[in-house]
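Asks: Structure for this input, please:
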Amino acid sequence: MRRFTEVILIALIVLVTSPLFAQTSVPEIPFDSTPNFLKLPDDVVMGEAVGVATNSKGHVFVYTRDGTLAYTVGTSREFGRGAAARLYEFDETGKFIREIGKGTYAEAFAHTVRVDPKDNIWVNDEGADMTVEYSPEGKVLMTLGRRPEDYLGTPGPVAEGQSTGGIGGGQLLINLGRELAAYREGTPPAAGRPAGAAPAAPEGGGANAGPFITFNRQTDIAWDSNGNMFVSDGYNNKRIVKIDKDGNFVKQFGSRGRGPGQFEDVHTIQVDHAGNVYVGDRSNKRLDVFDNDGNFKTAYINVGSPWAICITPGEHQYIYSSNSTGTSSMEDGGEIYKMELDGRIVGKFGTGGKMLKQFMAVHELDCRADNVVMAGEISNWRVQKLTLHPTK
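Replies: Reported below is the predicted structural model:
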């Protein structure tokens, strides 16, 4: 039965994306990679380059896994110490400027970095379950989420058809309150469901009733033109969280699954000028598109496994999407696609590998200019500055 259901869901995805299959061949885009673009001091080492972003001045920010996150078991809980996370800034020529936020409580295990329209720098740390905003001067402006005090008590991935809105602490209290009222009216909870447990989320969407509680290995952040934030709360909570410009919870959408509007690995996110939200689902191997309220619109299944995406900021916007290799294998993918917002592929470039102009587990892309892309790689421990030379 489960297999039959998955086949039906896949068929639904094919139906909403069928026009994209008209593309029978994808042109190769000529490109170059600047050798040794980033210049590091002798006493600074680049680890896994999981995050890369640029600001309006062309400065480059790299969030790298350099250092060690260790866990210590105490008498009643397990806590983390140290960090595999450092945020570096380079100027537009690649010259090292400084480290930002050294030793902050939110540094644990780096994931991505983004720069907002005001040039503020945002880091997403999946080990701390926190997203932090820094000013261009490096001062902390806002924090979202909270670092776990007990890592053993951190929940694992949500169940099929659920998002964290159905199992988090705040929602648990809401459910218990509703069921207490039901008992007073003589109506017991649904059979087979323990008191306080979340009901199954509706197909194609999350529970969407509970307040924002915290993240569980969130992955990325993006903004719309009104300053609303969209956080891909991805590895374990399988949802998108919408937060207003002042840091207030607005809503969440998505749940775990393979159907339209569901996720298995919410890994990367961007928003276009019209406010549409693009979500790269690495495990489902598709790029999902939602409107600004979280309603599912379509999915692009023609670009492999989108580990990392970026959208150019110009009047005519393009999507870049990396069909990344695995962290230890070069057998699958490696190419980066350039796309129109409607999913049509303009072209692709690159292959998996260790050499210049090759890629190994691209984890984040930045594309502030139409034909200049920054690519941060996990397994090659580097950032490449790529310049495309399209023929038209």
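Asks: Of all the residues in stretch 88-106, which ones are buried?
Replies: 88, 89, 90, 96, 100, 101, 104, 106 (16 or more other C-beta atoms under 10 Å). C-beta here means a position set from N, CA and C on the backbone, and glycine is covered the same way.
Asks: again, but for stretch 365-385
Replies: With burial defined by 16+ other C-beta under 10 Å, the residues of stretch 365-385 counted as buried are 365-368, 370, 372-385.
Asks: With stretch 290-306 instead?
Replies: Neighbour count says stretch 290-306 has 290, 292, 294, 296, 298-306 buried, by 16+ other C-beta under 10 Å.
Asks: Strands - which of the buried residues of stretch 88-106 land there?
Replies: If you go by DSSP state E, the buried residues of stretch 88-106 have 88, 89, 90, 96, 100 in strands.
Asks: What's opposite the first one in the beta bridge?
Replies: Note on residue 88: beta-bridge partners residue 62, residue 99, judged by DSSP bridges.
Asks: so what's it up against?
Replies: Residues in contact with residue 88, defined by C-beta atoms under 8 Å, 6 or more residues apart in numbering, are 44, 46, 61, 62, 64, 96, 98, 99, 100.
Asks: Could you list the low-confidence segments of the stretch 251-392 of the chain?
Replies: Applying pLDDT under 70 to the stretch 251-392 of the chain flags residues 392.
Asks: can you rerun that using 90?
Replies: Residue ranges of the stretch 251-392 of the chain with pLDDT under 90: 327-333, 391-392.
Asks: residue boundaries of the strands in it?
Replies: In the stretch 251-392 of the chain, the segments counted as strands under DSSP state E, counting those that start in this stretch are 266-271, 277-281, 286-290, 296-300, 306-311, 318-323, 336-340, 345-349, 351-352, 358-359, 362-369, 372-377, 382-388.
Asks: Walk me through which strands the longest one pairs with, and which way each runs.
Replies: Under the criterion DSSP bridges, strand 362-369 sits next to strand 372-377 (antiparallel) in its sheet.
Asks: what separates the partner strand from the chain centre, distance-wise?
Replies: For strand 372-377, the distance from its own C-alpha centre to the chain's C-alpha centre is 16 Å (C-alpha atoms, centre = their mean, to the nearest Å).
Asks: Show me what residue 130 bridges to in the sheet.
Replies: Here residue 130 sits in beta bridges with residue 125, residue 145, as judged by DSSP bridges.
Asks: if we can go back for a sec, will you turn the strands of the stretch 251-392 of the chain into TSV that also has distance to residue 125?
Replies: As requested, the strands of the stretch 251-392 of the chain are arranged in TSV below (distance: least, C-beta to C-beta, whole Å):
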stretch	distance to residue 125
strand 266-271	15
strand 277-281	19
strand 286-290	24
strand 296-300	29
strand 306-311	17
strand 318-323	21
strand 336-340	25
strand 345-349	30
strand 351-352	27
strand 358-359	24
strand 362-369	14
strand 372-377	15
strand 382-388	18
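Asks: out of the ones you listed, which comes closest to residue 56?
Replies: Evaluated with C-beta to C-beta, the strands of the stretch 251-392 of the chain place strand 362-369 nearest to residue 56, the distance being 7.9 Å.
Asks: Touching the closest one from outside, list them.
Replies: Outside strand 362-369, the residues that touch it by C-beta under 8 Å, 6+ apart are 48-54, 56, 58, 112-113, 268, 307-313, 318, 320-322, 324-325, 336, 373-378.
Asks: report the angle between the axes of it and strand 336-340?
Replies: Here strand 362-369 points in a direction 40 degrees away from that of strand 336-340 (axes from the mean of the first three to the mean of the last three C-alpha atoms, to 10 degrees).
Asks: now strand 362-369 against strand 306-311, angle please.
Replies: Using the same axes, to 10 degrees, the direction of strand 362-369 lies 10 degrees away from that of strand 306-311.
Asks: from the middle of its chain, how far away would strand 362-369 be?
Replies: 12 Å.
Asks: how about residue 320, what does it touch?
Replies: Residues counted as contacts of residue 320 (C-beta under 8 Å, 6+ apart) are 309, 310, 311, 312, 336, 337, 338, 339, 365, 367, 373.
Asks: returning to that earlier point: quick one: the contacts of residue 88 as TSV, columns for pLDDT and distance to residue 358 too.
Replies: As requested, the contacts of residue 88 are arranged in TSV below (pLDDT from 0 to 100; distance: C-beta to C-beta, whole Å):
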residue	pLDDT	distance to residue 358
44	91	25
46	94	17
61	98	24
62	98	19
64	97	20
96	98	25
98	97	30
99	97	29
100	97	30
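Asks: Using TSV, lay out these together with distance to residue 275.
Replies: Written out in TSV, the entries for the contacts of residue 88 read as follows (distance: C-beta to C-beta, whole Å):
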residue	distance to residue 275
44	39
46	35
61	25
62	29
64	32
96	37
98	34
99	35
100	30
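Asks: distance of residue 31 from residue 250?
Replies: Counting by C-beta to C-beta, to the nearest Å, the gap between residue 31 and residue 250 amounts to 39 Å.
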